[in-house]
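Student: No letters, just coordinates:
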Ligand code: GLA
């Protein structure tokens with residue numbers, strides 16, 4: 001009897017150490033494909049992640065007084081993400097692929113051949129095209145502390161060459177949500193994966209993020225043209241509203257008379273991280289009322305800091321909250337936008353036999 005009690009107690013301890021992962025059905029896509037939602041739980045953090053788009057549907061995090069709030073934008077039901085003429089047009093919480101951010105002129109040349117990708121953002125391709133990875137149902141399996149999502153994108157999908165197998169692992173340990181991205185291909189191709197969570201550390205739907213303080217460990221950024229495609233220059237942030245090397249309020253300089261800020265109607269740019277390609281702290285966000293802090297760590301070369309400039313109150317999200325202008329910010333760890341057309345940028349090419357692999361961590365704390 002005693003032995004049995006001991007064995008049971010051991011099992012419980014091991015299960016708790018591994019964090020809790022549970023699964024529930026979350027409805028069906030318009031074409032009838034079933035979607036599941038997984039709950040990843042640790043001591044004080046709870047994440048809900050769907051197989052549709054690998055979307056982080058909610059993320060509950062405590063403030064400095066231990067009060068929990070959902071800090072990401074999104075919808076209560078699957079329909080919120082799949083319905084309407086432009087489903088989830090803001091890409092709330094989604095995995096983005098094959099190519100996060102923009103491809104200029106919706107085309108690129110690889111091994112002497114030109115490939116055309118969908119035009120869905122001015123003259124450019126944004127976030128992998130019309131049916132990007134954010135709109136696919138991923139295969140899921142439970143792993144210790146989290147889930148592993150797999151998507152096989154066939155040769156020619158959205159115009160990209162090669163059959164690409166993408167594997168994304170979400171794990172929650174302590175106060176860290178880790179996203180481990182990998183991919184392999186059977187033909188030369190390009191790849192750039194990210195997660196497009198919109199954070200409001202005061203709680204989703206709770207005002208704008210202009211008083212949030214942000215730090216980005218980058219001395220350079222990639223200025224853009226009128227369609228938000230990098231010019232190719234790596235410009236110094238020194239003396240510009242793009243210098244976030246010290247914690248600075250998002251709203252402090254957002255309306256400055258600056259040509260780059262005007263083009264994007266706020267911040268919507270790629271910063272060149274000073275991490276030298278090594279896993280390191282890339283950015284921090286501090287919300288002064290509840291004291292929540294988000295630290296983003298990555299080994300990616302860049303980070304897109306986007307201040308929700310396109311949010312205009314036309315989207316109603318979780319709990320009936322209306323998402324107004326700058327209701328959230330995104331910190332998308334990534335390769336630089338339009339790299340396939342910029343041979344001087346770190347390469348996004350992937351060849352058969354090679355493995356694309358990157359890690360990003362969202363670490364939460366409060367002070
Ligand atoms: C990224 C882009 C923005 C915008 C959002 C989605 O952050 O850089 O310009 O397209 O995605 O609305």
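Tutor: Arrived safely, thanks for sending. Keep in mind the model is a prediction, meaning the values are calculated, not measured. Numbering: from 1, shown residues only.

Student: Find the nearest non-adjacent residue to the residue of the stretch 251-367 of the chain found nearest the ligand, please.
Tutor: At 3.5 Å from the ligand, residue 306 is the closest residue in the stretch 251-367 of the chain, using Cβ to the nearest ligand atom. Backbone N, C-alpha and C define where each C-beta goes, glycine included. Spatial nearest neighbour of residue 306, chain neighbours left out: residue 330 (4.4 Å); criterion: Cβ to Cβ, 6 or more residues apart in numbering.

Student: Need phi/psi at that neighbour.
Tutor: phi -120, psi 140 (degrees, to the nearest 10).

Student: just residue 318 next, same as before
Tutor: phi -60, psi 140.

Student: Is residue 143 in contact with residue 172, as I believe?
Tutor: No: counting by Cβ atoms under 8 Å, residue 143 sits too far from residue 172 to count as a contact (11.3 Å).

Student: ok, the two, which is more surrounded?
Tutor: Between residue 143 and residue 172, counted using other Cβ atoms under 10 Å, the more crowded position is residue 172 (25 against 13).

Student: who's in contact with residue 228?
Tutor: Going by Cβ atoms under 8 Å, 6 or more residues apart in numbering, residue 228 touches 102, 121, 122, 124, 263, 264, 268, 337.

Student: contacting residues around stretch 102-122?
Tutor: 99, 123-126, 129-130, 158-161, 188-190, 227-229, 337-338, 340-341, 349.

Student: which of the residues in stretch 177-189 are buried?
Tutor: For stretch 177-189, the neighbour count (16 or more other Cβ atoms under 10 Å) marks 177, 178, 179, 180, 181, 182, 183, 184, 185, 187, 189 as buried.

Student: Show the contacting residues for the last one.
Tutor: Shown in contact with residue 189 (Cβ under 8 Å, 6+ apart): 98, 110, 160, 161, 162, 164, 349, 350.

Student: try the fourth one
Tutor: Applying Cβ under 8 Å, 6+ apart to residue 180 gives the contacts 168, 169, 171, 357, 358, 359.

Student: sorry, back to before: compute the number of surrounding residues for the residue nearest to residue 306.
Tutor: 24.

Student: That one reaches residue 200, doesn't it?
Tutor: No: using Cβ under 8 Å as the test, residue 330 is too far from residue 200 to be in contact (10.7 Å).

Student: Going by distance to residue 22, which of the buried residues of stretch 177-189 wins?
Tutor: residue 177 (16.2 Å; Cβ to Cβ).

Student: For the nearest residue to the closest one once chain neighbours are set aside, give me its contacts.
Tutor: Nearest residue to residue 177, sequence neighbours excluded (Cβ to Cβ, 6+ apart): residue 362, at 4.6 Å. Residues near residue 362 by Cβ under 8 Å, 6+ apart: 176, 177, 179, 197, 294, 295, 296.

Student: Does the second one lie in a helix or a strand, and which?
Tutor: Looking back up the chat, that one is residue 177. Using DSSP states H and E, residue 177 sits in strand 176-185.

Student: how close does residue 122 get to residue 294?
Tutor: 30 Å (Cβ to Cβ, to the nearest Å).

Student: Neighbour count for those two, which is higher?
Tutor: residue 294 (24 against 14).
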